[in-house]
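Q: Quick one: sequence and predicted model below, then my questions.
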Amino acid sequence: MRRDSFVAVRMSRLTGAMLVVGAIAGASLAAQVADVKGSKDHPLVSRYTGSVVIGYDQRQFDSHNFVVGPASRPDITETRWESRKQTVEGKITRLLYVLPIERSALEVQRNYEQALTKAGFQKLYACAREACGVENGLKELVYGKGRQIEGNDTTEFAFSFPKDEQYIAAKLSRPEGDVYVSVYTAIETFDHVKLTENRPVTLVEVVETKPMDSKMVTVDATAMAKDINSTGHVALYGILFDTNSATVKPESTPALQEIAALLKKEAKLTLYVVGHTDNVGGYDANMDLSRRRAAAVVASLTSQHGIAAARLKPAGVGQLAPVAPNDEEAGRAKNRRVELVKQ
């Protein structure tokens with residue numbers, strides 16, 4: 001959309017915002033504007049000195065896509081951008097900061113990069129300006145439609161016309177769960193929201209991976225036997241893996257113990273252990289991942305729970321047998337599962 005058209009469409013809504021924040025120009029930012037109510041810095045990623053939180057969102061468990069490659073636009077007739085993404089699940093914290101006007105986007109970003117490195121984060125991807133891909137692509141992927149932090153016009157129109165874009169995505173590996181962070185900084189040139197006009201604006205997104213709270217995780221041996229006898233299979237959601245990983249997580253132990261109890265009780269029962277994924281990622285990658293996850297479950301049952309390998313055969317079908325639409329995270333969560341199928 002042309003800039004003048006964008007302004008004309010939104011002018012009536014933004015007039016109020018201009019009146020509220022028009023006095024901010026030239027004043028000390030922190031002295032004039034308070035952090036948005038209920039917000040706080042993430043303990044692993046502190047703010048740049050003099051920043052103010054203008055947008056805040058936190059969810060206990062959800063899925064989030066981190067950009068880990070330059071933005072592209074496959075079809076120039078459509079407003080659709082693509083890039084390589086890292087999909088991560090866990091506790092999500094998103095913070096939108098406005099920064100002192102005398103600071104450059106590069107200075108702010110370098111400070112964040114140094115802090116992340118010092119804290120032990122490993123860079124997944126970083127870019128600046130034109131190296132981030134096609135014009136507006138990174139902005140749309142990071143803070144486009146459906147990605148804005150709800151609040152007011154200031155948060156909605158952040159990064160409307162960004163310049164000097166800077167971006168980094170990084171990962172911290174730790175025993176209690178990996179942490180993923182992205183930092184996107186740009187100078188906002190949109191002149192109808194005075195709070196952000198010509199100032200650096202920074203979006204910090206943090207995902208702490210962890211298993212979701214679930215009432216359907218553990219299925220006991222009796223319930224498994226009932227489903228297998230009546231339908232020939234049972235779907236399990238208590239066997240957990242990190243994103244794109246085939247390593248069985250320790251939290252899976254209760255489900256594995258119940259599978260072992262079933263097999264020990266039903267001495268003649270033999271099973272296919274079938275891995276399923278959602279449709280995030282490529283077909284070949286998902287097929288391979290589902291096979292490796294199924295094999296990892298079999299390995300755990302044989303090596304740690306005393307089940308004979310001859311009674312179990314791993315298989316993977318990737319995204320080919322969904323039980324729910326993959327359009328939303330709730331459906332994708334149902335599709336990511338391990339099934340036991342009677343041979």
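A: Looks like it came in fine.
Q: all helices for the stretch 201-343 of the chain, in order.
A: 221-231, 253-265, 283-304, 329-335 (DSSP state H, counting those that start in this stretch).
Q: can you list those in CSV and add mean neighbour count and mean pLDDT?
A: Glycine gets a C-beta too; all of them are placed from N, C-alpha and C. Below are the helices of the stretch 201-343 of the chain laid out as CSV (neighbours: other C-beta atoms under 10 Å; pLDDT from 0 to 100):
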stretch, mean neighbour count, mean pLDDT
helix 221-231, 15, 90
helix 253-265, 18, 93
helix 283-304, 18, 95
helix 329-335, 17, 82
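Q: So which of the ones you listed is nearest residue 193?
A: helix 329-335 (30.7 Å; C-beta to C-beta).
Q: could you give the mean pLDDT of stretch 52-72?
A: Mean pLDDT, computed over stretch 52-72, is 93.
Q: cool, and stretch 89-101?
A: On average, stretch 89-101 scores 94.
Q: how far does that stretch sit from the chain's center?
A: Taking the mean of its C-alpha atoms, stretch 89-101 sits 14 Å from the chain's own mean (C-alpha atoms, centre = their mean, to the nearest Å).
Q: need the helices of the stretch 201-343 of the chain in JSON lines with distance to residue 100, can you?
A: What follows is the helices of the stretch 201-343 of the chain, written out as JSON lines (distance: least, C-beta to C-beta, whole Å):
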{"stretch": "helix 221-231", "distance to residue 100": "59"}
{"stretch": "helix 253-265", "distance to residue 100": "50"}
{"stretch": "helix 283-304", "distance to residue 100": "44"}
{"stretch": "helix 329-335", "distance to residue 100": "37"}
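Q: Can you say which of these is nearest to residue 173?
A: Nearest of the helices of the stretch 201-343 of the chain (C-beta to C-beta): helix 283-304, 18.9 Å.
Q: chain center to that closest one: distance?
A: With C-alpha atoms, centre = their mean, you get 23 Å for helix 283-304.
Q: Name the residues that touch that helix?
A: 239, 241, 244, 246-248, 252, 256, 259-260, 263, 273-279, 281, 307-309, 312-319, 338 (C-beta atoms under 8 Å, 6 or more residues apart in numbering).
Q: For the protein, give me the ranges with low pLDDT.
A: 1-28, 30-31, 77-78, 211-218 (pLDDT under 70).
Q: for it, longest strand please?
A: Counting residues, the longest strand in the chain under DSSP state E turns out to be strand 52-67.
Q: just checking, what packs against that one?
A: strand 85-98, helix 137-143, helix 153-156, strand 162-172, strand 179-188, strand 200-208, helix 329-335 (3 or more C-beta pairs under 8 Å, 6 or more residues apart in numbering; DSSP states H and E).
Q: could those go into a markdown table alongside distance to residue 297?
A: Formatted as a markdown table, the helices and strands packed on strand 52-67 follow (distance: least, C-beta to C-beta, whole Å):
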| stretch | distance to residue 297 |
| --- | --- |
| strand 85-98 | 19 |
| helix 137-143 | 34 |
| helix 153-156 | 43 |
| strand 162-172 | 25 |
| strand 179-188 | 25 |
| strand 200-208 | 25 |
| helix 329-335 | 17 |
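Q: Between the two ends of stretch 302-309, what distance do you get?
A: Stretch 302-309 has an end-to-end distance of 6 Å (C-alpha to C-alpha, to the nearest Å).
Q: again, but for stretch 186-202
A: Stretch 186-202: ends 7 Å apart by C-alpha to C-alpha.
Q: buried ones in that stretch?
A: Neighbour counts over stretch 186-202 (16 or more other C-beta atoms under 10 Å) mark 186-188, 190, 192-197, 199-202 as buried.
Q: wait, which of these is closest to residue 66?
A: Using C-beta to C-beta, the buried residues of stretch 186-202 come closest to residue 66 at residue 202, 15.8 Å.
Q: Contact partners for that closest one?
A: Contacts of residue 202 by C-beta under 8 Å, 6+ apart are 48, 51, 96-97, 99, 108, 112, 183-185.
Q: Of the helices of the stretch 201-343 of the chain, which is nearest residue 43?
A: helix 329-335 (25.2 Å).
Q: how far is the closest one from where the chain is centred?
A: On C-alpha atoms, centre = their mean, the centre of helix 329-335 falls 14 Å from that of its chain.
Q: elements contacting it?
A: Applying 3+ C-beta pairs under 8 Å, 6+ apart, one finds that helix 329-335 makes contact with strand 52-67.
Q: quick one, domains of the protein?
A: 3-208, 221-342 (automatic domain parsing).
Q: The closest residue to residue 99 other than its chain neighbours and residue 109, how far apart?
A: Of all residues not flanking residue 99 in the chain, residue 200 sits nearest, at 4.1 Å (C-beta to C-beta, 6 or more residues apart in numbering). Distance, residue 200 to residue 109, using C-beta to C-beta, to the nearest Å: 9 Å.
Q: Is the residue nearest to residue 99 bridged to anything, and to what?
A: residue 187 (DSSP bridges).
Q: from memory it sits against residue 105, does it?
A: Yes: using C-beta atoms under 8 Å, residue 200 makes contact with residue 105 at a distance of 5.1 Å.
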